[in-house]
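1. A predicted structure for the sequence below; I have some questions about it.
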Amino acid sequence: MKTNFTELFMFAGMMAVLFSCDNDENGPSGKYSNGIFISNEGAFGAGNASVSFYSTTGDSIVNDIFFNENNRPLGDVLQSALNYDGKTYLVVNASGKIEVVNSEDFSEQDVIESLENPRFITEKNGMLYVTQWGEGGTVKIIDPNSNEIVETIQVGTGPEIILSSADYIIVANKGGYGEDSTISIIDPGSNEVVKTIQTGNKPSDMVIDSNGDLWVLNSGTTIWNDDYSQVLGHKPSSLVKISLSSLEITEKIELYSDDHPSILEISPDGQTLYIGGGFIAAGIFEIDINSPSVPSTPLISKSFYNVKVNPLTSEIYGFDAKDWTNAGSFSRYSLSGNLIEEYEAGVGPNGVAL
Amino acid sequence: MIFKNFFWIFLFLLASISVFGQNILQDSIIVIDEVVIQSDRLKNYAIGVALQELDSSKIDIYKSQSLSSLLANESGVSIKSYGISGLATPSIRGGGSSQAALLWNDINLQSSMNGQASLSLIPVQFFDNVEVQYGGGSSLFGSGVLSGAIHLDNGDLFKVKDYASIQLGLGSYGEKVGALKVKKQFGKVHSNLNVFYRTADNDFEFTNESKFGQPKETQTNAGFTTAGLTQTNEIVLTDHATFKTSLWMNHNDKGIQSLMIQDTSDATQEDNSIRVLLNYHNDKNNNPLNIKSAYLYDELRYTNPDLADPTSNSFTHSFINEIEKSIQFNQKNELYAGLNYTMEQAFSEGLTGGDVVRNRISLFSSYRVKNIMNRANLAFNARQEMVDSKFIPTVFSAGFDYQVTPNLILNGTASKNYRIPTFNDLYWRTDTYSSGNPNLQPESGYNLDFGIKEFLTKNNVSATFSQEIYWTRTNNWILWLPNENGVWTPENKQTGKSYGAEISYRVDIEFTKFRLFSDGFFKYSISEQKDNDIEDEWQSIWYEPKYSFSGNIGVVYKRFSATYNHNYYSKRYYDNTSTLDPYYLAAFYFNYRQPINDDILALSFNLNNVWDTNYQTVAWYAMPPTNYQLSLTYHFNI
């Protein structure tokens, strides 16, 4: 009997979703306007990557919108997503592709294939730049008009986060399966690497502050013995500030000798850094860009798989992947660290396309 | 006395589900000799257990295929097959892939490292008989027989006339099969040799429904080669004693099939096994004594050039020794006891320190009361295992069968079962991503089932019907989950429950010129699992369909036989929210035998997936469209 009730409940839930979709379609604007797309990574090999839509005006979440709109799965491991020019670009890592959908109704438009381990994406001067681990660490340049790869730039090993500043494209070379300790600075005019900067062990994340300076978080590494039975030591984590005019390191803060945070975000006013992640640093910590020091008490005492700041709503989003089997969660926090609300997302939520 | 023997033969026959038709079909197939092919332990002490026998007629149809194909098409075992030739694991009654054991002459072939035995590596050709045991059987067969077991057995060689047979076959996607079988008597020694070779490219075309524009694609990296041999010698020592040696070597080389949703896979896997079994059997005074020694060696070599560390190899040795003895007190009461000593060792870079060993001793016993009021049998079984001087909780079982009328038999069992953690669970090396857990407890399961079998023989119709209902619960189910530091580690975190029904039938109708037959196995199962920590709802066990059906309808006309095989699977969850669509899958099997003097030439043609179903058994592994296999077998007396 219990099962019947569960099925009935699920059926009712599905009907509710269907009806709410219908209502949305009657609305004045696109079905998925006024909200954010949450990327749910899914478990590797399971092909259960998905996208959730959080409506900021309706304060509600709809899961699995790619499947619902296109009646096919998104693919294996959704690494990141970008909204650009009315389209949403979904970087599907293990499927080696970028799915292109209409941002308003999420209908499929095109697919960009032949990528090898694509990771993150940014836009500059009307072109898309995608980091990928393949071919020894490269940035692929894609023309969004044709959705063709037009150029390949060699960068460091295992490139991850890619940012566009006023003058440059900046790539953090984390090292992939191994280690790297550099960032690559690309000139978007010539599409060449103009400088490679040694920042520290495993540069994992980057932000640009209100002064136009670049901050790079180096995660550091745990060193194991040959059979991984013993921790031999650590390469420490650190934070460096780089001037984007001189392309020189102007400040370096040693963080932890044996903790390896992997997430760096910045407040909407560009004055406060947030670090966390890496599972070991239990919480989200604040660092003032004007007087940076190693934080001791967390702003939010919870460990997340990823953290994003929405500058439009001045909220901190926490993504909890939980066990990668059940649905993960998406939590909204105020800038003072108070939990506003927690929502059920897809499997392995890891970020947003704002 | 004659009546009594007849009664026992009758009961034994009733214990298996598809009894009739075996005789009827046998003149259409090659192996004609009647042999008793069940392990003594299963036959004598697993009283009341739900068994499905896949007899020599089924073996003959699937003789050039793997055990996973046979079970997927003909039994109630859910086969989780990672593509056409990838890892294929069984699930019985909603249990996990390591909770249904593969037993070869009562020796458990599950890997000590990962608890699994891949059924796609096992050639059907090597066995005379495959039996599926639905429900746990740890008290008789030990750890791992938590939700059921698959028994592989061979008949006594001294009952088989000398012969040789050569088989050559070919099929779609570059499939080639070659097999040789020889049985020869040398005085008191009866020997046989089976050699098997099969290869296929599996570069079939499929529609990739997961991709933009649903392109037609050609499957990559799904090819495989299997080569193996078995060599058995049976020495007749006295009227009551035999000594048997068995050698089974198996080699398998395969690509790890590219997923529909991923880039082309370059990974490959090689599996090599050597299995040796020595068996002394003496049944003097009807008090059988059985002494067994087995050595199992398995190596797995995985290569993925896309990974930073492209090779991952593991090697396991098992040394198994067992002595069993029965003592009959009188016509009704019998005690049976056994002692098992097993040493297991594994070498792998993945294990802490690179190698681990464990010693296991178990004592098992059974008390049987037979022929109560000429109608009923009872058995009580128990087992106590000690792993490295640590006691595993005792398990027990009780079973009965009761003949209400000559055409109606009731049976039932109640049992407690267990599975000890694998080496990977316990000793996986600790790194940033994963870690074993040496504090794991064994999984423990309870099983209750009840069945009715009915028989009908009237004029030219003979029929068997069997219904089983069951209930199971599995505690301390081991599950790998990320802990608070994001490190994947196994814990006794899950509870599983399953209940359902298994209904099977076999009908044969004999006409003057031809015979019609049909059999079927229908399964209804509600199988759910729950995380112990979270206030979680029960969730469907992945890949377990609520309904499934496997059945055949066929005709035998003189030297010709034709069978239509049909399978249906309802939707299956592949994670907690997403499901794979229901599908049906069908095949035609044709067989023709031409006697040439004293020899037989047999031609068989299998047309698989006749309705061109686009289906997946594991999410995003494409499966082939309509395909064929053609085979020619020459069987001659020597």
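-> Structure received. Residues are numbered from 1 along each chain as shown, chains lettered A, B, ... in the order given.
2. which bits of chain A sit near chain B?
-> Chain A has residues A:2-3, A:6, A:43, A:45-48, A:64, A:72-73, A:75-76, A:94-96, A:99, A:108, A:110-111, A:116, A:176-178, A:222, A:224, A:227-229, A:279-280, A:282, A:303, A:321, A:323-327, A:347 near chain B, with proximity defined as C-beta under 8 Å from any C-beta of the partner chain. Heads up, the C-betas are built off the backbone N, CA and C, glycines and all.
3. among these, which ones are buried?
-> A:43, A:45-48, A:64, A:72-73, A:75-76, A:94-96, A:99, A:108, A:111, A:176, A:222, A:224, A:228, A:279-280, A:303, A:321, A:323-327, A:347 (16 or more other C-beta atoms under 10 Å in any protein chain shown).
4. could you list every residue that touches residue 351?
-> All of this is about chain A. Listed by C-beta atoms under 8 Å, 6 or more residues apart in numbering or on different chains, the contact set of A:Gly351 reads A:Ile38, A:Ser39, A:Ser80, A:Ala81, A:Asn306, A:Lys308, A:Phe319.
5. You answered for a different chain; I wanted chain B.
-> B:Met113, B:Phe423, B:Asn424, B:Tyr427, B:Trp428, B:Arg429, B:Gly436.
6. swap in B:Arg358?
-> B:Arg358 touches B:Ser112, B:Met343, B:Glu344, B:Val387, B:Asp388, B:Phe423, counting by C-beta under 8 Å, 6+ apart.
7. Tally up the residues packed near B:Thr512, please.
-> 5 (other C-beta atoms under 10 Å in any protein chain shown).
8. picking that back up, scan the contacts of B:Arg358 and report the most crowded one.
-> Neighbour-wise, the contacts of B:Arg358 (other C-beta under 10 Å) top out at B:Phe423, 26 neighbours.
9. Quick check, pLDDT for that one.
-> pLDDT recorded at B:Phe423 is 96.
10. When you compare pLDDT across the contacts of B:Leu351, which one is lowest?
-> Minimum confidence in the contacts of B:Leu351 sits at B:Arg429, scoring 87.
11. so how far is chain A from it?
-> Using C-beta to the nearest C-beta, to the nearest Å, B:Arg429 is found at 4 Å from chain A.
12. which phi and psi does that residue have?
-> Per-residue torsions, B:Arg429: phi -60, psi 150 (degrees, to the nearest 10).
13. Among the contacts of A:Gly351, name the ones in strands.
-> A:Ile38, A:Ser39, A:Ser80, A:Ala81, A:Asn306, A:Lys308, A:Phe319 (DSSP state E).
14. what ranges do the helices span in the stretch 51-200 of chain A?
-> A:65-70 (DSSP state H, counting those that start in this stretch).
15. I'd like to check which residues are in contact with the residue in it positioned nearest to chain B.
-> Per C-beta to the nearest C-beta, the residue of the stretch 51-200 of chain A with the smallest distance to chain B is A:Tyr177, at 3.3 Å. Taking C-beta under 8 Å, 6+ apart, we find A:Tyr177 in contact with A:Gly158, B:Leu307, B:Ala308, B:Asp309.
16. Among those residues, the buried ones, what's the ChimeraX command?
-> Listed next is the ChimeraX selection for buried residues among those, using 16+ other C-beta under 10 Å:
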select /A:158
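17. Just send the contacts of A:Tyr177 back as a markdown table, with distance to B:Val356 too.
-> Shown next, in a markdown table, are the contacts of A:Tyr177 (distance: C-beta to C-beta, whole Å):
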| residue | distance to B:Val356 |
| --- | --- |
| A:Gly158 | 33 |
| B:Leu307 | 24 |
| B:Ala308 | 25 |
| B:Asp309 | 20 |
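18. The stretch 201-350 of chain B against chain A: which residues are in contact?
-> Checking the stretch 201-350 of chain B against chain A by C-beta under 8 Å from any C-beta, the hits are B:209-214, B:259-263, B:307-309, B:349.
19. Mind doing that once more with 10 Å?
-> B:208-215, B:259-264, B:306-309, B:349-350 (C-beta under 10 Å from any C-beta of the partner chain).
20. Buried ones among the contacts of B:Leu351?
-> Here, 16+ other C-beta under 10 Å leaves B:Met113, B:Phe423, B:Asn424, B:Tyr427, B:Trp428, B:Arg429, B:Gly436 buried among the contacts of B:Leu351.
21. Go through those residues and name the one nearest chain A.
-> Using C-beta to the nearest C-beta, the buried ones among the contacts of B:Leu351 come closest to chain A at B:Arg429, 4.1 Å.
22. who's in contact with that closest one?
-> By C-beta atoms under 10 Å, 6 or more residues apart in numbering or on different chains, the contact list for B:Arg429 reads A:224-225, A:227-230, B:348-354, B:435-436.
23. now, the most widely separated pair of these?
-> Largest separation among the contacts of B:Arg429 by C-beta to C-beta: A:Gln230 and B:Ser348, giving 17.6 Å.
24. out of these two, which sits in the busier spot?
-> B:Ser348 (21 against 12).
25. My read is that that one contacts B:Gly436, right?
-> No - judged on C-beta atoms under 10 Å, B:Ser348 makes no contact with B:Gly436 at a distance of 11.5 Å.
26. For the stretch 351-500 of chain B, which residue gets nearest to chain A?
-> Closest residue of the stretch 351-500 of chain B to chain A, C-beta to the nearest C-beta: B:Gly486 (3.4 Å).
27. tell me which element that residue is part of?
-> Following DSSP states H and E, there is no helix or strand that holds B:Gly486.
28. gap between it and B:Phe243?
-> As judged by C-beta to C-beta, to the nearest Å, B:Gly486 and B:Phe243 stand 56 Å apart.
29. next one: B:Tyr173
-> Taking C-beta to C-beta, one finds B:Tyr173 at 44 Å from B:Phe243.
30. cool, A:Ile170 as well?
-> In terms of C-beta to C-beta, A:Ile170 sits 76 Å off from B:Phe243.
31. the more surrounded of the two?
-> Counted by other C-beta under 10 Å, A:Ile170 and B:Phe243 do not tie: A:Ile170 has more neighbours, with 24 against 17.
32. could you list every residue that touches the more buried one?
-> A:122, A:161-164, A:183-186, A:195, A:197, A:206, A:208, A:214, A:216, A:242, A:244, A:247.
33. sorry, back to before: quick check, nearest of the buried ones among the contacts of B:Leu351 to B:Arg473?
-> Nearest member of the buried ones among the contacts of B:Leu351 to B:Arg473, counting by C-beta to C-beta, is B:Asn424, at 24.9 Å.
34. what residues does the helix or strand where the closest one lies touch?
-> Applying DSSP H and E as the criterion places B:Asn424 in helix B:423-427. By C-beta under 10 Å, 6+ apart, the surrounding residues in contact with helix B:423-427 are A:229, B:98, B:111-115, B:314, B:316, B:344-346, B:348, B:350-353, B:355-358, B:420-421, B:434-440, B:443, B:478-480, B:489-492.
35. What subset of those is buried?
-> B:98, B:111-115, B:314, B:316, B:344-346, B:348, B:350-352, B:356, B:358, B:420-421, B:434-437, B:440, B:443, B:478-480, B:489-492.
36. Now, the residues you listed that are in strands?
-> Short answer: these in strands (DSSP E) are B:314, B:316, B:344-346, B:348, B:356, B:358, B:443, B:478-480, B:489-492.
37. just to revisit the earlier point, can I have the helix holding B:Asn424 written out in CSV, keeping just the CAs?
-> The C-alpha coordinates for helix B:423-427 follow below in CSV (Å, rounded to 0.1, in the frame of the first residue of the first chain):
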residue,chain,number,x,y,z
PHE,B,423,39.1,-6.9,0.3
ASN,B,424,38.3,-3.6,-1.5
ASP,B,425,35.7,-2.8,1.1
LEU,B,426,38.0,-3.4,3.9
TYR,B,427,41.5,-2.5,2.7
